[in-house]
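Visitor: Curious how this folds, go ahead:
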Amino acid sequence: MYIKRTQRMRKGKTYTNHLLVESIHTPKGPRHKVICSLGDLRPRPRAEWLKLAHRVEDALVGQASLLEGDDAEVSRIVRRVRARQTRTSQGVGEGARAEQGVVAVLSDGVRTERHRTAGAVHVGHQMWRRLGLDAILAGQGLRERTRQIAEVMVLNRLCEPLSENAMPEWIATTALGDILGKEVETYNGMALYRTLDRVLPHRIAIEGALAARETELFNLDQTVLLYDVTSTYFEGLAHANSKARRGYSRDKRPDCKQVIIGLVVNRDGFPKAHEVFDGNRQDRTTLDEMLGQLDRRVRLRPGQTVVVDRGMAYAENLAQIQRRGLHYLVATRQSERDEWLDEFESLDGFQELIRKPSPTDHGQHKTRVWVKGMNQAGVCYALCKSEGREQKDRAIREKQEARLCEDLAGLQKRVADGHLVQSALVHQAIGRLKERYQRVARYYRIEYEEASRALRWALDRAKWEVAKRLDGSYLLKTDRTDLCAEEIWRIYVLLTRAEKAFRNMKSPLAERPIFHQIVRRVDAHILFCVLAYHLLVAIEKTLLDQGVHTSWWSLRRTLAKHATCTVALPTDTQEVLRIRRSSSPDPDVAELYRQLNVPAEVMAPLKTWSAQGAT
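Guide: Coordinates of the predicted model:
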């Protein structure tokens with residue numbers, strides 16, 4: 001602080017006034033701020049002015065003066081300054097004072113309040129906006145509140161999956177209220193359930209519009225469509241769900257009822273359509289229905305290639321694909337592969353390729369693959385041998401052999417102990433074992449002699465040797481004659497994108513187990529998991545296009561460090577200025593935001609005033 005002299009003419013007479021001022025920084029540069037008027041200090045020497053200013057400044061900040069002088073005069077000036085500050089704070093509105101951005105803060109009382117996690121939900125919200133999901137839902141006539149609750153539910157599935165009953169507690173720990181500018185903490189379980197019911201009827205339109213938006217946004221290829229199915233099991237008996245059935249469980253939970261989920265993705269892993277089928281449906285029975293639903297969403301075009309696995313490699317399935325003007329590329333069933341045993345015997349004519357792991361498949365290693373092309377009756381075949389698959393096939397075969405023999409021994413004991421007497425029931429039990437262990441039962445001879453009630457089985461060594469030599473071998477075929485063996489193989493391995501989509505929905509997005517019991521809620525639960533996966537794959541694709549190889553699982557841990565909070569600043573006017581804003585992101589979080597083209601500021605700062613002691 002220092003003292004500045006001013007002069008003013010009035011009616012021909014000169015008036016002198018001395019002002020106590022300080023220099024402050026403003027967006028427009030340094031400026032002088034008047035603390036108070038001191039009147040005319042003459043005839044006091046100019047050298048005493050600076051001493052007086054220093055004593056006043058020390059008194060205002062609570063320091064004892066080290067200079068000699070009239071303490072009464074300093075006390076009088078300080079009272080005038082305090083009175084002026086009080087009048088100013090009362091006369092200027094709260095909004096105006098907050099806009100000024102300059103307050104006297106009591107630093108010992110500064111604290112932070114209401115910390116909320118922001119990073120993951122902020123990225124998810126920005127991707128929700130980028131994919132235009134709010135506009136897509138609005139286009140279906142859904143109200144703003146329904147759209148906001150739907151976004152909150154999808155972001156929960158993306159960031160920290162919970163049940164609808166547990167979701168309100170999670171919402172209160174996040175910055176969703178700051179991001180959306182709404183009181184989202186008031187959402188309860190019933191509002192969430194109603195949102196599921198309101199969004200589900202628009203599933204087909206939502207998926208179609210979303211597929212079109214992603215194709216435009218990421219310039220996606222539409223020539224290859226990858227279709228696969230998986231199962232998802234229930235907790236509970238699911239008596240009210242007609243789709244809940246027991247069937248082949250990919251989750252190793254044959255004790256639970258399940259539903260089958262069919263999913264079509266493109267070569268970049270973006271979903272095009274999904275369907276929920278009865279839990280006991282066979283894979284091949286879902287294909288034609290799925291193609292019809294896919295056509296409703298994205299309009300199939302002649303010449304596109306549909307890639308499916310061996311579970312749908314039946315003649316009727318291939319005919320279903322061709323009737324729609326599409327090409328097929330499939331892995332053949334084992335019986336068809338066995339017909340090419342002589343060609344698999346030697347590596348003559350095979351081309352060696354290197355299969356690199358997916359960028360996000362950590363722990364995987366490069367594997368060598370050998371492929372050879374063959375043409376027969378207008379169909380192109382690719383004979384493939386994989387060193388990695390050979391080990392896997394051998395392990396599966398040996399494990400199933402051991403289980404088959406164990407179960408046969410158990411059946412033999414039941415027959416010998418007289419617990420299973422009727423021949424029809426014994427043959428029925430043998431048939432079930434052959435169905436359960438199809439992979440290995442074909443090279444075992446299992447016989448039951450009714451007269452002696454003896455159950456015997458023996459290994460067919462010739463068939464077993466054939467199976468052993470074919471470990472790691474598989475046969476691909478397509479009606480596209482423009483592809484070489486390498487191209488056929490490279491398109492087929494894209495099917496792992498559908499498998500990865502299922503892994504993501506089941507693990508980080510926690511699609512399973514299903515706790516809902518009625519059909520529409522189960523279908524809606526799976527729809528919201530698929531919508532969350534749209535956000536996930538869009539985030540990973542955005543990073544992958546910049547050469548960043550990572551997974552959403554890893555990103556969530558990094559983003560967890562960014563938060564919002566309220567900074568409480570007690571002032572010398574017995575009031576508290578509270579500023580609600582996001583923290584400054586750590587360098588790695590800031591770099592992620594830059595790569596994703598996401599703003600580092602989660603929200604616009606919000607300033608409020610209150611009396612000390614109030615919250």
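Visitor: For Lys500, which non-adjacent residue is closest in space?
Guide: Excluding the flanking residues, the one nearest Lys500 by C-beta to C-beta, 6 or more residues apart in numbering is Gly269, at 6.4 Å. Yep, even glycine has a C-beta here, placed from its N, CA and C like the rest.
Visitor: What score does that neighbour have for pLDDT?
Guide: Here, the pLDDT recorded for Gly269 equals 94.
Visitor: and it, what does it touch?
Guide: Arg497, Ala498, Lys500, Ala501, Val537, Lys541 (C-beta atoms under 8 Å, 6 or more residues apart in numbering).
Visitor: likewise Arg394?
Guide: Counted by C-beta under 8 Å, 6+ apart, Arg394 has contacts Lys468, Asp471, Gly472.
Visitor: that's a helix at Val440, yeah?
Guide: Yes. Val440: assigned to a helix according to DSSP: H, G, I helix; E, B strand; the rest coil.
Visitor: So what's the residue count around it?
Guide: Neighbour count for Val440, taken as other C-beta atoms under 10 Å: 22.
Visitor: Any figure for the gap between it and Val81?
Guide: 93 Å (C-beta to C-beta, to the nearest Å).
Visitor: Please enumerate the helices of the stretch 201-350 of the chain.
Guide: 203-218, 287-298, 315-323, 334-338, 341-344 (DSSP state H, counting those that start in this stretch).
Visitor: How about the stretch 501-615 of the chain?
Guide: Using DSSP H, counting those that start in this stretch, helices in the stretch 501-615 of the chain cover 519-544, 552-559, 587-596.
Visitor: which helices and strands does the second one pack with?
Guide: Packing contacts for helix 552-559, counted by 3 or more C-beta pairs under 8 Å, 6 or more residues apart in numbering; DSSP states H and E, involve helix 119-130, helix 519-544, helix 587-596.
Visitor: do you know which of those helices lies nearest Arg445?
Guide: Among those, the nearest to Arg445 by C-beta to C-beta is helix 519-544 (43.9 Å).
Visitor: tell me the average confidence for the closest one?
Guide: Helix 519-544 comes out at a mean pLDDT of 96.
Visitor: Can you mark which positions in that helix are buried?
Guide: 519, 521-544 (16 or more other C-beta atoms under 10 Å).
Visitor: before we move on, what about stretch 406-413?
Guide: Leu408, Leu411, Gln412.
Visitor: Domain boundaries for this protein, per the record?
Guide: By the record's domain assignment, the chain is partitioned as 2-91, 107-115+559-611 (automatic domain parsing).
Visitor: just these: most buried one?
Guide: domain 107-115+559-611 (a mean of 16; mean count of other C-beta atoms under 10 Å).
Visitor: neighbours around Arg143, how many?
Guide: Neighbourhood size, Arg143 [other C-beta under 10 Å]: 11.
Visitor: Would you mind measuring from Ser423 to Arg281?
Guide: In terms of C-beta to C-beta, Ser423 sits 32 Å off from Arg281.
Visitor: So for those two, which sits in the more crowded spot?
Guide: Arg281 (19 against 13).
Visitor: roughly how far out does stretch 37-47 sit from the chain middle?
Guide: 70 Å (C-alpha atoms, centre = their mean, to the nearest Å).
Visitor: Now do the contacts for Leu263.
Guide: Tyr227, Asp228, Val229, Thr230, Pro271, Ala273, His274, Ala498, Ala501, Phe502, Val530 are the contacts of Leu263 under C-beta under 8 Å, 6+ apart.
Visitor: Where helices are concerned, which of the buried residues of stretch 406-413 count?
Guide: The helices, defined by DSSP state H, take in Leu408, Leu411, Gln412 from the buried residues of stretch 406-413.
Visitor: which strand in this structure runs the most residues?
Guide: The residue-count maximum for a strand in the chain (DSSP state E) belongs to strand 13-26.
Visitor: Once you drop chain neighbours, what's closest to Arg246?
Guide: Spatially, and ignoring its direct neighbours in sequence, Arg246 is nearest to Lys257 (5.7 Å; C-beta to C-beta, 6+ apart).
Visitor: Repeat that for Trp128.
Guide: Per C-beta to C-beta, 6+ apart, closest to Trp128 is Glu151, 5.6 Å.
Visitor: any idea of the angle the strand or helix carrying the one you found forms with helix 519-544?
Guide: If you go by DSSP states H and E, Glu151 is part of helix 144-159. Interaxial angle, helix 144-159 versus helix 519-544 (axes from the mean of the first three to the mean of the last three C-alpha atoms, to 10 degrees): 60 degrees.
Visitor: How far does helix 144-159 sit from its chain's centre?
Guide: 13 Å.
Visitor: Roughly how far does Arg469 sit from Ala441?
Guide: From Arg469 to Ala441 the distance is 19 Å (C-beta to C-beta).
Visitor: For these two, indicate the residue with more neighbours.
Guide: The neighbour count for Arg469 versus Ala441, taken as other C-beta under 10 Å, is higher for Ala441 (20 against 12).
Visitor: need the contact list for His274.
Guide: Each residue near His274 by C-beta under 8 Å, 6+ apart is listed here: Glu207, Ile261, Gly262, Leu263, Val264, Ile526, Leu527, Val530.
Visitor: Columns distance to Ala458 on top of these, output as a markdown table?
Guide: Formatted as a markdown table, the contacts of His274 follow (distance: C-beta to C-beta, whole Å):
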| residue | distance to Ala458 |
| --- | --- |
| Glu207 | 53 |
| Ile261 | 41 |
| Gly262 | 40 |
| Leu263 | 43 |
| Val264 | 45 |
| Ile526 | 46 |
| Leu527 | 51 |
| Val530 | 49 |
